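structure here, sequence nowhere to be found:
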């Protein structure tokens, strides 16, 4: 199996793919037309990317069967286009969660203690203990968390250590306001933390913002979250509150954020921006970072050695599974529900041609097979095929299938 890697990738991952028997083409600078040509010329079956955009032209250029996003999100990949072409898209969720949570608290602490300003004054040869001694401190404050995924959970764990109360909004609990129940805490692997910190569910993002001393965004980006943290939510922040975004820039209305940063002196820590350079280095201008109460980092949330090694190992696991079993872990573009309305259950002898007979008759009846599985009994003498169809097979068709082949033992139609 040939694997094309079009972004910087850990040496351990390259070695792991080769050890799995893959032919690896490593071209970390392949972008745009160059990547289209690389997909075409290599004939790669697997494409591994990080921040590189994957377009429909790339999907059509070669024989790709799997695209792996070596990271958590996958909004840079034309997932709909891949689905139309029968190409799997997979990612590595949770492997960067600790790294992003660590940066989140790094920004929170930096804003509270004004650490970058301290350093800048010292480097300028100035000693200013009088001004820099003023800090609120974190213990006893409330951190509002938007989202309850793996990164949010790691943030909540660290909130417990800092003695923060936690208020959470998630689409999973939309419209609810109450303490997080023990069973829910267990479901999100937060049971131990729930004993140490009070976790409340808020009904809306606005409700979280109004209660929070610190508001931190940990939502996946998609059509339903684009611009979700808008003017209404941000206006709910208290004067002097702290706002953190280490998720995706598109989730936040940056014009509204600029207003509250100026007018309400909200302290802002960002790892993501609207107009980030397309390359690793370049010129950067954003009105937000010109404000003294705004700190920023260079979209480095997942950029720790630990996180990158974990992502590389997960990428190797995904590709190896696909190579040896045809199954793709963490696939993001399979239908949660197909248009199937009926299941045809065929009990049959495990002989050549039986299923071909069944499928030929279904094709003649213009019934489309949505999903199928064939389960073989011990001894490999008999099997049961479960075939999901987009319509109801007529009685005459069932009789034709059953009577037309001696190895068809029985038929059953189940309405889904």
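Looks like it came in fine. These figures come from a predicted structure and were not determined experimentally.

mind checking the SS state of residue 68?
strand (DSSP: H, G, I helix; E, B strand; the rest coil).

which strand residues bridge it?
The partner list for residue 68 in beta bridges (DSSP bridges) reads residue 48, residue 90.

isn't it up against residue 45?
No: applying CB atoms under 8 Å, one finds residue 68 not in contact with residue 45, separated by 11.4 Å. From N, CA and C alone the C-beta is placed, and that goes for glycine too.

who has more neighbours, those two?
The residue with more neighbours, out of residue 68 and residue 45, is residue 68; 29 against 20, by other CB atoms under 10 Å.

let me see the contact set for residue 342.
Each residue near residue 342 by CB atoms under 8 Å, 6 or more residues apart in numbering is listed here: 388-389, 391-393, 413-416.

recalculate using a threshold of 6 Å.
Residue 342 is in contact with 389, 392, 413, 415, counting by CB atoms under 6 Å, 6 or more residues apart in numbering.

pLDDT wise, what is it at?
Looking at residue 342, its pLDDT reads 95.

likewise the one 3 residues further on?
The predicted local confidence for residue 345 comes out at a pLDDT of 97.

how many residues are close by it?
13.

surely it is within a helix?
No: per three-state DSSP, residue 345 lies outside any helix segment and is strand.

now do the helices in the stretch 1-150 of the chain.
11-19, 32-42, 56-61, 79-84, 97-113, 115-123, 129-132, 150-161 (DSSP state H, counting those that start in this stretch).

what's the answer for the stretch 201-350 of the chain, then?
With DSSP H, counting those that start in this stretch as the criterion, the stretch 201-350 of the chain has helices at 205-211, 231-235, 254-263, 305-325.

who are the packing partners of the third one?
Contact analysis of helix 254-263 by 3 or more CB pairs under 6 Å, 6 or more residues apart in numbering; DSSP states H and E lists helix 231-235 as its packing neighbours.

so which helix or strand of this structure has the lowest pLDDT on average?
helix 191-196 (a mean of 65; mean pLDDT, DSSP states H and E).

near residue 130, how many other residues are there?
With other CB under 10 Å as criterion, residue 130 counts 7.

what distance do you get for it to residue 121?
11 Å (CB to CB, to the nearest Å).

want to throw the contacts of residue 342 into CSV with pLDDT and distance to residue 323?
CSV is the format used below for the contacts of residue 342 (pLDDT from 0 to 100; distance: CB to CB, whole Å):
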residue, pLDDT, distance to residue 323
389, 96, 31
392, 95, 39
413, 95, 37
415, 94, 38
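
biggest separation within those, which pair?
Taking CB to CB as the measure, the contacts of residue 342 span a maximum distance of 10.7 Å, between 389 and 415.

which one's more surrounded, these two?
residue 389 (23 against 7).

show me the contacts for that one.
Contacts of residue 389 by CB under 6 Å, 6+ apart are 342, 344, 367.

low-confidence stretches in the stretch 101-250 of the chain?
192-196 (pLDDT under 70).

try it again with 90
Scanning the stretch 101-250 of the chain with the threshold set as pLDDT under 90 gives 172-175, 179-199, 220-223.

how far away is residue 221 from residue 238?
26 Å.

tell me the domain ranges of this protein?
With domains defined by automatic domain parsing, the chain comprises 2-95+306-325, 97-301, 342-415.

tell me which of these lies nearest to residue 334.
Per CB to CB, nearest to residue 334 of the domains of the chain: domain 2-95+306-325, 8.1 Å.

residue 221 and residue 238 - which one has more neighbours?
residue 221 (17 against 14).

got phi/psi on the closest residue to the more buried one other than its chain neighbours?
Spatially, and ignoring its direct neighbours in sequence, residue 221 is nearest to residue 248 (3.8 Å; CB to CB, 6 or more residues apart in numbering). In terms of degrees, to the nearest 10, the main-chain angles of residue 248 are phi -130, psi 140.

distance of residue 248 from residue 150?
15 Å.
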